[in-house]
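> model this:
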Amino acid sequence: MKIAYLLVLQMVFVTIAYGQSTEYSMQVNTGYFYFSGGASPTGFFEGISGVQKSLIEDPYGNKFTLSYGVAAQIQRITKKRLILGLQLGTQLLRSRMKLNTIGGLGVNVVGAGKGHAVLSMGFIDLFPNIGQRFLLPTSVVDLTIGPYIGLNINSREKGMVTDANGKFPETTNYKISEPFAVLRLKSSLTIYFGKWGFTTGYAYGLQNYKVQNYFSSYARDSGKHFSHFFMIGLSYKIK
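Residues are numbered from 1 along each chain as shown. Purely as a prediction, here's the structure:
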């Protein structure tokens, strides 16, 4: 009786595992990362009197600049083509904004200016996902969704602005304090032709970025800023 039970149990395990496969792949991507929200950047530059550093009133830009990353992925494909995946990677996400005025401590506007600033944020990210595989005559399509968890390893604000005549440059370039962990919701679509795949995706930040107060004597503008990342890339199946 015990032997029969073990044989039945083994048959159940074999039936469940039948048709399943595990795939390993590498991915490189690039895309458009920006911030939006109720207090989107207007491009105002602050020169703080008596302090060696200047700062940008609202550094969360919405202009295009290059962001990129690499990732390794493992996927379990069930016999019903359900995808259970895990992706580990690193990303450099950058947002850009235009600087068009120069301000000072206690003064709303000193004069017109021109320049730009870039906020760069480096992340180690984890993307556990679930999805579905679709088989087409000449390709395989994977559609997945899941939480996109980023651990901030470095954030830097860098910018320069001059007056309207291109004189009296003000610069800022220093490491800033951002949330250590951020959560985004990501969807991804990958089309495979053999081992090579073209992937595209979108990640929406669930965390409100509030403008930091870098100097105790001056509080920068605060508001709602949510991140968006549209990405495209290439994927290669190792196994």
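
> Now the residue nearest to residue 173 when sequence neighbours are not counted: which helix or strand?
Taking Cβ to Cβ, 6 or more residues apart in numbering as the measure, residue 173 lies nearest to residue 158, with 4.5 Å between them; neighbours along the chain are not counted. No exception for glycine: its C-beta is placed from N, CA and C like everyone else's. Per DSSP states H and E: residue 158 is located in strand 140-163.

> residues contacting the residue nearest to residue 173?
117-118, 120, 172-173 (Cβ atoms under 8 Å, 6 or more residues apart in numbering).

> Now, of those, which are buried?
Those of the contacts of residue 158 that meet the buried threshold are 117-118, 120, 172, by 16 or more other Cβ atoms under 10 Å.

> Correct me if wrong: residue 135 contacts residue 81.
Yes - here residue 135 reaches residue 81: they are 7.3 Å apart, a contact under Cβ atoms under 8 Å.

> When the two are compared, which one has more neighbours?
Set residue 135 next to residue 81 and count neighbours by other Cβ atoms under 10 Å: residue 81 wins out with 14 against 8.

> how close does the closest residue to the more buried one other than its chain neighbours get to residue 79?
Nearest residue to residue 81, sequence neighbours excluded (Cβ to Cβ, 6+ apart): residue 133, at 4.0 Å. Applying Cβ to Cβ, to the nearest Å, the value for residue 133 to residue 79 is 11 Å.

> show me where the protein has strands.
Counting by DSSP state E, the chain has strands at residues 21-36, 44-47, 55-56, 66-77, 82-104, 107-135, 140-163, 170-175, 181-193, 196-205, 226-237.
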